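**Student:** okay, predicted coordinates and the sequence, questions at the end:
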There are 2 protein chains.
Amino acid sequence: MKTLQMTSIDRNILTGCRFFKRLPLSTAEAILHGAALAEHEKYDSLFRQGDRIDDVFLVLSGLVRLYRVGKDGREADVGVFAKGELFGEDTMFLGYRATANAEVAENSVIARVDSRKLRQLAASDPDVAQAFIEHLCHRGKMKEDLLAQDRLLTAPQRVANYLLSQCPNGSTSFCFRLPFQKSVLAGKLGLAPEALSRAFSALRESGVSVKGRMIEIHDRHALERF
Amino acid sequence: MKTLQMTSIDRNILTGCRFFKRLPLSTAEAILHGAALAEHEKYDSLFRQGDRIDDVFLVLSGLVRLYRVGKDGREADVGVFAKGELFGEDTMFLGYRATANAEVAENSVIARVDSRKLRQLAASDPDVAQAFIEHLCHRGKMKEDLLAQDRLLTAPQRVANYLLSQCPNGSTSFCFRLPFQKSVLAGKLGLAPEALSRAFSALRESGVSVKGRMIEIHDRHALERF
DNA sequence: TTCGGTACATGACCTCGATCAATACCGCCG
DNA sequence: CGGCGGTATTGATCGAGGTCATGTACCGAA
């Protein structure tokens, strides 16, 4: 881990992301002022379940995995965060204790903002409060989606879903590159890596080709039917 | 469905529940003023996924089940709300569209508050905004718990967990009455009713007796080990 | 009391996905 | 080029839990 100076590029990434976009630029700057930047490498641990956390985290590049572990040692991802996303925000209203472990899933640059400061801002500036509320509602919906997906969908259906979520809407046939390792995708979808592999093979006959990280979808409607 | 007048008892239930408790009484009254009260019976539908919703819902008595349905028609619960709980609040920041179906799971009295009014209050009164944020964080944690439970725990473990969550802490042996039908509990835990039955039998040898809705736990430590 | 309906329990079966082990693939460095 | 380490695939096996069918206990109504 190495600390860095924040560049104007970093600022642009942050002020362009969903949470900040609805705030006046000056407010965003105020929040970001004093943020600490650090470089982390794969498998670094940012915090563990139960740790005291006094910061909110922002991903500038790379990927972070949030997960819990069962008594038997198995891990279950409860969130995966990429560039421009924010995590650790629940803890600032839950006694500043982490509800999960955070691990860097590929070399990343991560900013942290003092959560007390942010909380004070939310209390004094209605815009910030509003942005927070919308952010949390959005999060809530995503978690609901995840839960429903877990309870209703088979492995190939989850994968089909994910692929469709990456599809620029309108196009019936498209091609893209997975933004991370397949093992990470597997975790995100609540599957073992092997199950993900098999799901991809099952989708082959519905017009999905996989070569390394490159994915080609020939007929999005076939996927929707799945 | 039958509309009712709000009694002072109702007011007490509401102002005593978690969301309102951190607000000054006058603020709570302001929110509740103009709320519509109605009686619903089992299996009534309050709204369906995709419906436009202009209210936030409060359970005064009874039980409401929030669920999604898959293409195959199977249902998956994403939330179960009892007396004093609030639901439908995400939608007011998500284009006023419901993300799930709501069904009354046993005869209930339910209040609805105009969500625009509530939203305005949140924008103008920092206390309300704060209460909302805390509420949403709490919700977020609960959903995270659910997801992790789904991914890490077997059926008997989930049931053991639930029983422990009902246990007055400190006591090693206790007894209580299920607050709803077993089929509802099954849905809440993401299980088929049969699986819940089997889980209870499996727990019998760890000192859990079940007679109708009455549950007796003889040794909470045995459950924790499970 | 008997009837009928509803919740719940139990058994038999089968599907899905986890797990373990072996192999194939790919980038990397000598 | 060949060997190596991490990643992905494939096969075989197994167990958890869903589904369906049947049986039982319970409760209210007649």
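**Tutor:** Here it is on my side, so go on. Numbers count the residues shown, from 1 in each chain, chains lettered A, B, ... in the order given.

**Student:** the helix ranked longest in chain A and chain B in contact?
**Tutor:** Selection of the longest helix in chain A by residue count, based on DSSP state H, yields helix A:126-152. Yes. Contact between helix A:126-152 and chain B, assessed by C-beta under 8 Å from any C-beta of the partner chain, occurs at A:126, A:129-130, A:132-134, A:136-141, A:143-148, A:150-152. Yep, even glycine has a C-beta here, placed from its N, CA and C like the rest.

**Student:** the very next helix or strand once past that helix vs helix A:126-152, what angle?
**Tutor:** Going down the chain from helix A:126-152, the next helix or strand is helix A:155-166, by DSSP states H and E. Orientation of helix A:155-166 against helix A:126-152 (axes from the mean of the first three to the mean of the last three C-alpha atoms, to 10 degrees) gives an angle of 150 degrees.

**Student:** go ahead and name everything in contact with the very next helix or strand once past helix A:155-166.
**Tutor:** Sequence-wise, the next helix or strand downstream of helix A:155-166 (DSSP H and E) is strand A:174-177. Identification of contacts with strand A:174-177 by C-beta atoms under 8 Å, 6 or more residues apart in numbering or on different chains yields A:166-168, A:213-217, A:220.

**Student:** now for these: which two are most distant?
**Tutor:** The distance between the two most remote of those (C-beta to C-beta) is 19.4 Å, for A:Arg213 and A:Arg220.

**Student:** more neighbours, these two?
**Tutor:** More neighbours surround A:Arg220 than the other of A:Arg213 and A:Arg220, with 20 against 13 (other C-beta atoms under 10 Å in any protein chain shown).

**Student:** show me the contacts for that one.
**Tutor:** So, once contact is read as C-beta under 8 Å, 6+ apart, A:Arg220 ends up touching A:164, A:167, A:171-174.

**Student:** how much space separates it from A:Ala195?
**Tutor:** 23 Å (C-beta to C-beta, to the nearest Å).

**Student:** quick one, phi/psi of the residue nearest the centre of chain A?
**Tutor:** The residue lying closest to the centre of chain A (C-alpha atoms, centre = their mean) is A:Phe81, at 2.1 Å. Torsion angles at A:Phe81 (phi, psi; degrees, to the nearest 10) stand at phi -120, psi 130.

**Student:** enumerate every residue touching it.
**Tutor:** A:59, A:63-66, A:87.

**Student:** the same query, at a cut-off of 7 Å, please.
**Tutor:** Neighbour list for A:Phe81: A:59, A:64, A:87 [criterion: C-beta atoms under 7 Å, 6 or more residues apart in numbering or on different chains].

**Student:** tell me which two of the contacts of A:Arg220 sit farthest apart.
**Tutor:** The largest separation in the contacts of A:Arg220, counting by C-beta to C-beta, is between A:Leu164 and A:Ser173 at 12.6 Å.

**Student:** coming back round to it: so which of the contacts of A:Phe81 belong to strands?
**Tutor:** Secondary structure defined by DSSP state E assigns A:59, A:64, A:87 of the contacts of A:Phe81 to strands.

**Student:** check those residues for burial and list the buried ones.
**Tutor:** Neighbour counting by 16 or more other C-beta atoms under 10 Å in any protein chain shown classes A:59, A:64, A:87 among the ones in strands among the contacts of A:Phe81 as buried.
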